[in-house]
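# compute the structure for the input listed below.
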Amino acid sequence: MIDASEFPFEEWSGTHVQHLTVSPEGVTYVIPSGAHERLHRVLIGNHDPTTQLPGDERTVGGTKVDLALIGWAQLQSDTMTDRINIDAPDGFTDGELVQRFAALHDAGSVHIMYYPSGDARTSMNPRHVSLSHDGDRVPVAFEC
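Residues are numbered from 1 along each chain as shown. Take a look at the predicted model:
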């Protein structure tokens with residue numbers, strides 16, 4: 001559980017924003033554009049997300065993959081397309097949040113990548129999407 005007094009990001013109030021992150025506990029925060037690396041440092045530390053951890057057999061995926069592996073979902077809209085993108089841990093099923101985010105961005109599609117499974121899902125109707133994905137929403141052991 002995160003100590004809100006020490007966490008550098010604000011809880012989401014439901015307004016139009018470009019990036020959101022959802023904690024394993026289900027709390028949604030606003031992440032300013034370009035601040036995923038800062039979130040990564042706060043939650044994981046100084047591990048370089050472009051390198052594989054010793055003994056880790058998964059492919060190197062970067063900041064958002066590492067965050068998904070510890071249970072955090074990332075929702076984003078690049079504002080250049082009508083698609084929203086989500087990097088999420090296996091077991092992320094908050095369809096209502098995805099529907100709200102899609103409506104705020106007038107999104108025509110949603111692309112979801114699940115980790116650690118690597119499963120990809122696309123919906124051409126994100127305002128009515130329902131999410132179901134096998135697997136518990138639990139963090140993968142992550143040691144730096």
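
# got the residue ranges for the helices in this structure?
In the chain, the helices defined using DSSP state H lie at 36-43, 63-69, 95-104.

# those helices: which one's closest to S13?
Nearest to S13, of all these, is helix 95-104, at 11.8 Å by Cβ to Cβ. For glycine as for every other residue, the C-beta is placed from the backbone atoms N, C-alpha and C.

# buried sites along the closest one?
Within helix 95-104, the residues scored as buried using 16 or more other Cβ atoms under 10 Å are G95, L97, V98, Q99, R100, F101, A102.

# ignoring the adjacent residues along the chain, who's closest to F92?
Excluding its sequence neighbours, the residue lying closest to F92 (Cβ to Cβ, 6 or more residues apart in numbering) is A73, at 4.9 Å.

# you'd agree that neighbour is up against D87?
Yes - A73 is within contact range of D87, at 7.0 Å (criterion: Cβ atoms under 8 Å).

# who wins for proximity to P116 among the helices of the chain?
It is, among the helices of the chain and with distance given as Cβ to Cβ, helix 63-69, at 6.0 Å.

# now do T15 against S117, distance only.
32 Å (Cβ to Cβ, to the nearest Å).

# who's more crowded, those two?
More crowded of T15 and S117, by other Cβ atoms under 10 Å: S117, with 13 against 7.

# excluding chain neighbours, what is closest to that one?
Going by Cβ to Cβ, 6+ apart, S117 has D90 as its nearest residue, at 5.1 Å.
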